[in-house]
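Q: This is the structure alone, sequence omitted:
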DNA sequence: TTTT
DNA sequence: TTTT
């Protein structure tokens, strides 16, 4: 008995994902995707950009850690998930509602980029299956060290001003505290 | 006036993608995604695997080349596209129909894997923008050679029997010839 | 070259659709869909309702007129479309953004209801065709009268207070004037 | 933890739905949707029809009965569901696989047609609610008779030859027997 | 096997 | 502002 608000979103990260942990240790990554609709104008026979749309996304557990490790500001991603609303009262006491995508699957788009995929050691998750895998035989050590070296460079490359993006933080902010141990969805 | 057969598919590659070129030089990559539906059985309170589904996918142009370079047998991917049917007559003269996903967006899933994304030089495509971009500073040569070395290992790792998967071939088979210069979709 | 923000929404109308016409005579129907996510809680082994989500939808041309004629407050619908954002400044000068679904296809859900479908005379639209008109075999009169009796009760059942819902209005409000002759999407 | 093969399908019924019951009394409706992709050819500046695609669909319980009562050959529908594969061996011993959409939500499209919705008495289902019942203000009788006149014509219009479509049958064919009490999905 |  |  499904049949809900399925959404498939394509766009670019407005900033590096933010990784957090609930008190019980569950990882959550939050990020915003900017999606600019392009429509083909039959009159003028050319493409027109619509107004950009910014959607907050949130992803849990192992995927959250993978997202924080793999994605940075500007990258184009594909997101499959369910649209949700969260209401709150702003400082003036007005009821506001915010939309958020609960991510089921996410990955970098290969439309304008290539990706080198590395399987996440399924420790602690009970992951039932696969994914990458390719690089494990590459000669662990070499691959590993390569990875370590690369990370910083990649950071700088995006000219991002945000420090700590994609870095884990065991925060104690209100939001984190408000989170239960388990994903609410 | 849209409103068609939108499909969002998650599953694993059954083999390395096959990259081909139409006579006029347009790239096409074909691959098959195996998707095993999991349903939560409320009686027994556990997850049950359904019958695996195998879907052919085809992607064009720059994305085709990126797919061939990035994805290998076994990897989990997210695919967004439109479902199509192709009919043909088999050797016994029976009309058969084959389903195929025309890929709009594809990427490796980050559920069980990480990915290092590198922006494709937008040469010859007029691509309006990008994703990745990060790895340019990794020191091209090193990265490159690393790739060459890694490829074979990765290959073996998935226990695949198909040789040449992911390799470009300027084929002249009937199918390639039948293709026009432009994607039919 | 597609690959956008596809959304498929299921929920209930919060009110009767509002039908308007652009100066040049193009029909637009606007309505809001309330969608309450239900998730199966594996701990307690029961279904839990999430926070309701309210999404504005807009549909154009013949479909707009059909929507206004067919749908009323409370009905469950399926909507297929693309999610868009519209920004504006509120009275305090704050930039607000509103989400809206540009409807590609819409229909009443048959999950808890039946529907008697009547093809719209394709006058003025060039629509290539349509749906049904099946019920002739039900024994018109009997079925009909049964329907008549039900209708009023059903109405009250919905407890809707809005009068004039689903009625066309050649409005001249700013929004209508702002609209061009053609759908902006 | 979802993230599967979501499909949203728009097309026309190739025949009236077939309603069956499992031994334990659960209703199932099967039908085929023909979907003809239309693409806008930028060269010639006109729409082109692609090859038609035929997809089997199956829907369960109350919705199955509603479908059988509401939909007939030729009608345009919107279907939201999950794509599945079913394998079998044909008479020559070849393994064949058939695709099928497990319907989550379905309804008649309002693009070229109107619909009069009537809430299904939620007897025996526990359905939490429904749509329908709006048209009371149209002036029942008049509207009704208008409908009656249209119905037969519409019927013939469709030139449908299949009799008994949409009629319930407590079949005992192999397939029905193979079905368990509960939907397999 | 098929719809518009 | 709201539906079930």
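A: Arrived safely, thanks for sending. Remember, predicted model here, so these are calculated numbers, not experimental data. Residues are numbered from 1 along each chain as shown, chains lettered A, B, ... in the order given.
Q: what about residue A:111, how many residues close to it?
A: By other CB atoms under 10 Å in any protein chain shown, 27 other residues sit near residue A:111. To be clear about C-beta, it is placed using only N, CA and C from the backbone, and glycine gets the same treatment.
Q: Surely it touches residue B:64?
A: No - counting by CB atoms under 8 Å, residue A:111 does not reach residue B:64; the two are 10.2 Å apart.
Q: Provide the secondary structure category for residue A:65.
A: Three-state call for residue A:65 (DSSP: H, G, I helix; E, B strand; the rest coil): helix.
Q: Can you give me the pLDDT of the residue nearest to it when sequence neighbours are not counted?
A: Take residue A:65 and drop its neighbours on the chain: the residue closest to it by CB to CB, 6 or more residues apart in numbering or on different chains is residue A:27, 5.1 Å away. pLDDT recorded at residue A:27 is 98.
Q: Can you tell me how far residue A:27 is from residue B:10?
A: Residue A:27 sits 20 Å away from residue B:10, going by CB to CB, to the nearest Å.
Q: Over to residue A:20?
A: Relative to residue B:10, and taking CB to CB, residue A:20 is found at 25 Å.
Q: try residue A:112
A: In this view, residue A:112 and residue B:10 are 21 Å apart by CB to CB.
Q: just residue A:22 next, same as before
A: Residue A:22 is 25 Å from residue B:10, by CB to CB.
Q: Helices of chain A, start to end?
A: Using DSSP state H, the helices of chain A run over residues A:61-70, A:140-157, A:174-178.
Q: Quick one: mean pLDDT for the shortest one?
A: Read it as helix A:174-178. 35.
Q: same deal with stretch A:13-22?
A: What stretch A:13-22 shows for mean pLDDT is 98.
Q: Any residue of that stretch touching chain C?
A: No - judged by CB under 8 Å from any CB of the partner chain, stretch A:13-22 stays clear of chain C, getting no closer than 13.3 Å.
Q: what's the span of that stretch from first residue to last?
A: 23 Å (CA to CA, to the nearest Å).
Q: in chain A, which ranges drop under the pLDDT threshold?
A: Along chain A, segments meeting pLDDT under 70 span A:1-3, A:122-185.
Q: Up against chain C, what does it have?
A: With CB under 8 Å from any CB as the criterion, chain A comes near chain C at residues A:1, A:3-11, A:35, A:37-39, A:50-55, A:82-87, A:97, A:99, A:111, A:184-185.
Q: Just the ones in strands from these, please.
A: Counted as lying in strands by DSSP state E, out of those, are A:6-11, A:35, A:38-39, A:53-55, A:82-87, A:97, A:99.
Q: Narrow these to just the buried residues.
A: Buried by 16 or more other CB atoms under 10 Å in any protein chain shown: A:6-11, A:35, A:53, A:55, A:82-85, A:99, out of these.
Q: Neighbours of the residue of chain A found nearest DNA strand E, how many?
A: Per CB to the nearest atom of the strand, residue A:42 is where chain A lies closest to DNA strand E, at 20.9 Å. By the measure other CB under 10 Å, the count of residues near residue A:42 is 11.
Q: now do residue A:93
A: A total of 6 residues lie near residue A:93 under the criterion other CB under 10 Å.
Q: What separation do you get for it and DNA strand F?
A: Computed as CB to the nearest atom of the strand, to the nearest Å, the residue A:93 to DNA strand F distance reads 11 Å.
Q: what's the answer for residue A:44, then?
A: Residue A:44 is 34 Å from DNA strand F, where distance means CB to the nearest atom of the strand.
Q: Residue A:86 too?
A: As judged by CB to the nearest atom of the strand, residue A:86 and DNA strand F stand 13 Å apart.
Q: Also residue A:57?
A: Going from residue A:57 to DNA strand F by CB to the nearest atom of the strand gives 22 Å.
Q: which residues touch that residue?
A: By CB atoms under 8 Å, 6 or more residues apart in numbering or on different chains, the contact list for residue A:57 reads A:9, A:30-33, A:79, A:81, A:100-103, A:106.
Q: and it, what are its bridge partners?
A: With DSSP bridges applied, residue A:57 shows beta-bridge pairing to residue A:31, residue A:101.
Q: swap in residue A:81?
A: residue A:7, residue A:103.
Q: Residue A:4 is in contact with that one, correct?
A: No - assessed by CB under 8 Å, residue A:81 is found out of contact with residue A:4, at 10.5 Å.
Q: quick revisit: could you provide the buried ones among the ones in strands among the residues of chain A next to chain C in CSV, with additional columns for distance to residue A:46?
A: Output for these, formatted as CSV (distance: CB to CB, whole Å):
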residue, distance to residue A:46
A:6, 31
A:7, 28
A:8, 26
A:9, 25
A:10, 21
A:11, 21
A:35, 20
A:53, 21
A:55, 27
A:82, 34
A:83, 31
A:84, 36
A:85, 36
A:99, 31
